[in-house]
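> Just to be clear, the model below is a prediction. Sequence and coordinates:
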Amino acid sequence: MVGRNEEKARLALSAMKKLGFGRKQATPVLKRLFRLFDRQWEPIEEDSYRALAEAILDDQLLQLHPQSQPQPNGGGNEVPGQEEEELDAEEPEISTPDRPSTTPPFRATPQSSSSFRAPAPPSGPTAFRATGTGTGTAGGIVERGLVLAPALNDGAQTTPSATALLTKHKHKHMMDAEFQQPAFFFLKHPKPEPPEPQPVDMDASGCRDVQPGLILRSRNLNLASSSSDLNALPPPDRNPHHISGSDKNRAIQHHSRNTDMSVEPTSSSTLINGTGSQVQEIDVASSPGGEVKLSLKCSADPSKLKMPDLEAVYKMVEDKYLCSDKLLPPDFSIPGLMAEICQSVVQMGTQHTMTEHITQSHTVGNGSTSKCVEGGSASSTPAPQPHLALSRTTHDVHDISRGQENVKIPIANESGRGKCPPSFSYIPGNEVFQNGIVNISLAHIGAQDSCADCFGDCLSAPVPCACARVTGGEYAYTPGGLVKPEFIDKCVSVNRIPEVHHKVFCKTCPLERSRDKASPEPCRGHLVRRFIKECWSKCGCSMRCGNRVVQRGIRCNLQVFSTGNGRGWGLRTQNALPKGAFVCEYAGEILTCVEVHGRAVENMKNNRYTHTVVLDAGWSSGGSLKDEDALCLDGTFYGNVGRFINHRCRDANLAMVPVQVETPDRHYYHVAFFTSRKVEALEELTWDYGIDFDLELGPVKVFECLCGSKYCRGSRRHRQRLRNGNGNGNGRSRIEG
Ligand SMILES: C[S@@+](CC[C@H](N)C(=O)[O-])C[C@H]1O[C@@H](n2cnc3c(N)ncnc32)[C@H](O)[C@@H]1O
């Protein structure tokens with residue numbers, strides 16, 4: 001085993017050498033990651049050692065700015081050498097080629113029962129660096145979510161188990177940051193009571209005239225703006241693959257026969273372009289065997305024609321449409337368009353059969369009929385409404401958003417008869433519940449935060465505008481409407497290996513304060529996140545500007561489906577999506593942390609879980625955050641499709657990015673999901689919630705994770721191993737102090 005590790009380490013170090021990182025620099029980081037990843041090499045080796053390279057870079061950065069590294073636990077200065085020594089004292093398995101394997105470089109350190117208590121929070125808005133000593137669970141991810149519940153601060157009474165020691169380590173990960181990550185809360189509470197009038201709590205930061213629960217606006221901006229802002233756009237195309245031709249281009253419609261397909265009458269349309277110089281003819285032929293063949297005829301001067309590469313042609317047309325009209329989804333492709341045409345031909349051509357199918361399906365309430373009904377609705381005959389037959393839900397299985405999104409989002413239920421997702425009110429954007437303050441006044445937006453002088457599409461301007469400042473002077477988006485791969489990779493890395501990224505600690509954490517106002521627990525830390533700032537109301541560009549993606553709403557074809565494996569409903573994409581594509585945001589009620597906690601306290605006996613995302617990315621800005629500025633999004637009762645995204649440990653295919661759409665005030669932002677890799681058609685979309693599965697020891701039970709990932713840290717088996725102190729299955733405790 002040691003020999004194998006030596007070989008693996010040698011390869012890793014040599015890969016790092018090729019990137020310009022010396023052995024001295026890379027070795028301690030490698031050891032840290034190795035331990036962090038539960039002695040698994042796979043996540044280290046993945047993507048050509050990306051995690052390792054990033055961790056080394058992080059180290060380098062932090063060494064360049066040592067002033068940004070105050071110590072967790074209020075200790076003295078920690079230097080890499082010391083850190084390595086500490087690691088060496090704990091890890092018995094890995095040795096690198098420059099250290100003889102006969103000398104165990106790590107040794108287990110016993111922990112006292114009190115040691116897992118969180119350290120005192122840092123004394124100011126200070127910066128910390130990851131020590132990397134946090135121990136991962138299977139797959140190496142230290143749980144980093146938060147569970148908001150009345151009695152979570154009882155760590156002192158908890159047996160000093162391996163799990164608790166893990167918690168202690170999490171508290172050690174203190175880092176510098178300007179941003180932090182949201183986390184899911186898992187709560188039980190009933191439906192919210194009608195809001196009662198609350199006294200206005202004056203805000204010293206310039207919001208004295210702000211009423212609780214009020215969205216400040218200086219003109220008719222709507223927080224739930226995805227759809228309202230989109231009014232400026234041409235009417236959304238229900239079928240984003242559909243490109244409509246103008247009537248004046250449609251010169252001839254005629255029927256012909258296609259000998260290849262032999263037999264059935266076919267249709268053909270001839271299109272003449274604007275200049276009339278070229279004729280294109282599309283033939284559609286069908287055979288008695290049910291085959292349909294489409295063919296496209298173009299005429300050109302034969303002396304000049306040299307058949308181009310078809311891929312290059314696709315690319316040219318795709319580029320043309322993607323660049324000129326961003327209403328097309330990022331996965332738009334010419335072959336996809338052709339497939340869509342075929343599908344529509346079959347759908348329209350078999351409409352009679354489908355209608356019969358729909359009628360039959362009603363009786364079993366099978367949600368898979370939603371697609372068929374959509375096909376049926378293309379005719380002038382009103383489509384039957386399957387949800388009426390289901391009767392237990394108000395959801396429209398054709399479109400759960402009921403027309404509030406750019407695209408229809410059908411519900412498919414392949415595994416359960418007559419079942420529909422639980423009842424909730426669909427809102428495409430966030431809405432304040434009661435006391436949260438979201439300041440989106442125009443006065444709040446300075447000239448330096450917008451591009452009043454821009455026109456059209458900022459991405460085509462020779463120099464990036466002021467709106468790219470947040471992302472280092474470059475736009476996060478490509479002209480094709482995707483988040484750039486480097487940006488998304490960084491976001492993924494923060495998710496996957498939070499320990500090597502920055503974390504900030506509040507002076508007094510609003511989350512902890514909401515649990516126990518009198519004596520709040522120390523802050524557990526908030527992960528640093530990179531923000532995207534889109535062009536907004538004060539910008540001069542158009543709504544089609546490439547720096548407006550999230551605010552234009554959902555563009556891809558999503559589907560809510562029943563997972564059928566104990567995880568309830570999930571969300572999937574109907575088409576393949578490239579890496580970096582915007583999927584949807586997590587929309588819900590905007591609540592203060594206190595309000596969320598209030599719901600939990602009042603309703604602990606209710607068996608309903610609530611899923612709340614904490615908007616903690618702006619909490620590092622310094623000072624003590626007021627309760628009304630510490631916001632969460634709760635999609636339980638009012639939400640969008642984001643509420644159906646299930647959790648997957650570590651290798652989820654979505655990355656969460658905080659996106660500023662209305663205000664530079666980072667207490668409020670949009671929680672946007674982008675694909676972190678290419679996603680296949682009908683693949684489930686998942687997000688790593690960052691749950692602390694350990695907190696099942698508390699009064700609120702976190703669900704047992706059924707994500708199926710090999711890195712799962714929340715399965716019963718995994719947690720049982722933790723309890724047994726046998727994290728890696730080889731008799732050695734994975735959780736070390
Ligand atoms: C935000 S909701 C996701 C949608 C949910 N599946 C539904 O049917 O409404 C989160 C809840 O889904 C379930 N869930 C999500 N991911 C899961 C997983 N990996 N394993 C088991 N249950 C999961 C849990 O019940 C969790 O409380």
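Sure thing, it's come through. Numbering: from 1, shown residues only.
> Residue of the chain closest to the ligand, please.
Gly568 (2.6 Å; CB to the nearest ligand atom). To be clear about C-beta, it is placed using only N, CA and C from the backbone, and glycine gets the same treatment.
> how many neighbours does that residue have?
Counted with other CB atoms under 10 Å, the neighbours of Gly568 add up to 14.
> Tell me who's in contact with it.
Gly568 makes contacts with 562, 646, as judged by CB atoms under 8 Å, 6 or more residues apart in numbering.
> Same check on the one 4 residues further on?
The neighbours of Arg572, taking CB under 8 Å, 6+ apart as the test, are 558-559, 561, 682-685.
> Can you tell me which of those is closest to Asp58?
If you rank these by distance to Asp58 using CB to CB, Leu685 comes first, at 28.5 Å.
> can I assume that closest one is in contact with Leu654?
Yes - with contacts counted by CB atoms under 8 Å, Leu685 reaches Leu654, the gap being 5.5 Å.
> Figure out the helix or strand that Gly598 lives in.
helix 593-602 (DSSP states H and E).
> would you list every one of the helices in the stretch 451-600 of the chain?
Along the stretch 451-600 of the chain, counting by DSSP state H, counting those that start in this stretch, helices occupy 485-496, 510-515, 593-602.
> would you turn those helices into TSV with mean neighbour count?
Shown next, in TSV, are the helices of the stretch 451-600 of the chain (neighbours: other CB atoms under 10 Å):
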stretch	mean neighbour count
helix 485-496	21
helix 510-515	24
helix 593-602	22
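> Dump these to JSON lines, plus mean pLDDT and distance to the ligand.
Shown next, in JSON lines, are the helices of the stretch 451-600 of the chain (pLDDT from 0 to 100; distance: least, CB to the nearest ligand atom, whole Å):
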{"stretch": "helix 485-496", "mean pLDDT": "89", "distance to the ligand": "15"}
{"stretch": "helix 510-515", "mean pLDDT": "86", "distance to the ligand": "19"}
{"stretch": "helix 593-602", "mean pLDDT": "82", "distance to the ligand": "14"}
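> Mind checking those for the one nearest to Ile645?
helix 485-496 (13.5 Å).
> got a list of contacts for the closest one?
With contacts defined as CB under 8 Å, 6+ apart, helix 485-496 is touched by 43, 50-51, 54, 141, 181, 471, 476, 500-501, 527-530, 532, 579-580, 650-652, 655-657, 674-676, 688, 690.
> quick revisit: is it possible to get TSV of the helices of the stretch 451-600 of the chain that adds distance to Gly639?
TSV is the format used below for the helices of the stretch 451-600 of the chain (distance: least, CB to CB, whole Å):
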stretch	distance to Gly639
helix 485-496	22
helix 510-515	21
helix 593-602	14
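> Select, out of those, the one closest to Arg39.
For the helices of the stretch 451-600 of the chain, proximity to Arg39 was assessed by CB to CB; helix 485-496 is nearest, at 16.6 Å.
> CA atoms of the closest one as CSV?
Extracted as CSV, the C-alpha positions of helix 485-496 are listed here (Å, rounded to 0.1, in the frame of the first residue of the first chain):
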residue,chain,number,x,y,z
PRO,A,485,-14.9,27.2,-18.1
GLU,A,486,-12.2,28.7,-15.8
PHE,A,487,-14.8,30.5,-13.8
ILE,A,488,-17.0,27.5,-13.4
ASP,A,489,-14.0,25.3,-12.6
LYS,A,490,-13.1,27.6,-9.7
CYS,A,491,-16.7,27.4,-8.4
VAL,A,492,-16.6,23.7,-8.6
SER,A,493,-13.4,23.6,-6.8
VAL,A,494,-14.8,25.7,-4.0
ASN,A,495,-17.6,23.1,-3.7
ARG,A,496,-15.5,20.1,-4.0
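> The ligand contacts on the protein?
Applying CB under 6 Å from any ligand atom, one finds that the chain approaches the ligand through 186, 567-570, 609, 611, 643-644, 646-647, 703, 705-707.
> Apply 8 Å and report the result again.
184, 186, 421-422, 563, 566-571, 609, 611, 635, 643-649, 686, 689, 703-708, 712, 714 (CB under 8 Å from any ligand atom).
> how about the residue of the chain closest to the ligand, phi and psi?
When quoted as degrees, to the nearest 10, the phi and psi of Gly568 stand at phi 70, psi -140.
> From His647, how far off is it?
11 Å (CB to CB, to the nearest Å).
> Over to Ala12?
Counting by CB to CB, the gap from Ala12 to His647 is 30 Å.
> Ok, Arg10 next?
Taking CB to CB, one finds Arg10 at 36 Å from His647.
> Low-confidence stretches in the stretch 51-200 of the chain?
Counting by pLDDT under 70, the stretch 51-200 of the chain has low-confidence residues at 61-62, 64-200.
> Next, show the common contact partners of Leu685 and Leu654.
In contact with both Leu685 and Leu654: 583, 645, 673, 675, using CB under 8 Å, 6+ apart.
> Among the residues you listed, which ones are in strands?
583, 673, 675 (DSSP state E).
> For those, please prepare TSV with the additional fields distance to Arg515.
Listed next are those as TSV, based on distance: CB to CB, whole Å:
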residue	distance to Arg515
Val583	32
Phe673	28
Thr675	35
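> Three-state assignment for Arg32, please.
Under DSSP: H, G, I helix; E, B strand; the rest coil, the three-state class of Arg32 is helix.
> Near it, how many other residues are there?
26.
> How about the one 4 residues further on?
Neighbouring residues of Leu36 were enumerated by other CB under 10 Å; the total is 29.
> What score does it have for pLDDT?
pLDDT recorded at Leu36 is 78.
> That one against Ile497, yeah?
Yes - contact criterion CB under 8 Å: Leu36 and Ile497 qualify, at 6.9 Å.
> one step back: what helices and strands are in contact with the helix holding Gly598?
If you count contacts as 3 or more CB pairs under 8 Å, 6 or more residues apart in numbering; DSSP states H and E, helix 593-602 packs onto strand 184-188, helix 510-515, strand 609-614, strand 631-639.
> Tell me what angle it forms with strand 631-639.
Angle, helix 593-602 to strand 631-639, by axes from the mean of the first three to the mean of the last three CA atoms, to 10 degrees: 60 degrees.
> How is this structure partitioned into domains?
Domain segmentation of the chain under automatic domain parsing yields 2-172, 247-310.
> Per-residue pLDDT of Pro410, please?
For Pro410, the pLDDT comes out at 96.
> swap in Phe424?
With respect to pLDDT, Phe424 scores 91.
> Same check on His241?
Listed pLDDT for His241 reads 29.
> now swap in the one 4 residues further on and tell me
Predicted confidence (pLDDT) at Gly245: the value is 31.
> picking up where we left off before, just checking, which of the contacts of Arg572 belong to strands?
Using DSSP E, the contacts of Arg572 in strands are 558-559, 561, 684-685.
> My guess is Glu589 contacts Glu431. True?
Yes - counting by CB under 8 Å, Glu589 does reach Glu431; the two are 6.0 Å apart.
> And the two? Which one has more around it.
Glu589 (24 against 19).
> Roughly how far does Ala26 sit from Ala12?
Distance of Ala26 to Ala12, given as CB to CB: 7 Å.
> Just the CA trace of stretch 461-477, in PDB.
These are the backbone C-alpha positions of stretch 461-477, laid out as PDB (Å, rounded to 0.1, in the frame of the first residue of the first chain):
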ATOM      1  CA  ALA A 461     -17.400  46.100 -27.100                       C
ATOM      2  CA  PRO A 462     -13.600  46.300 -27.600                       C
ATOM      3  CA  VAL A 463     -13.000  47.000 -23.900                       C
ATOM      4  CA  PRO A 464     -14.900  45.300 -21.000                       C
ATOM      5  CA  CYS A 465     -17.200  47.800 -19.200                       C
ATOM      6  CA  ALA A 466     -17.500  48.600 -15.500                       C
ATOM      7  CA  CYS A 467     -19.800  45.600 -15.000                       C
ATOM      8  CA  ALA A 468     -16.900  43.200 -15.500                       C
ATOM      9  CA  ARG A 469     -14.900  44.700 -12.600                       C
ATOM     10  CA  VAL A 470     -16.400  42.200 -10.200                       C
ATOM     11  CA  THR A 471     -15.000  39.400 -12.300                       C
ATOM     12  CA  GLY A 472     -11.500  40.800 -12.500                       C
ATOM     13  CA  GLY A 473     -12.100  43.000 -15.600                       C
ATOM     14  CA  GLU A 474     -13.300  40.200 -17.800                       C
ATOM     15  CA  TYR A 475     -16.900  39.000 -18.300                       C
ATOM     16  CA  ALA A 476     -17.800  35.700 -16.800                       C
ATOM     17  CA  TYR A 477     -19.900  34.900 -19.800                       C
END
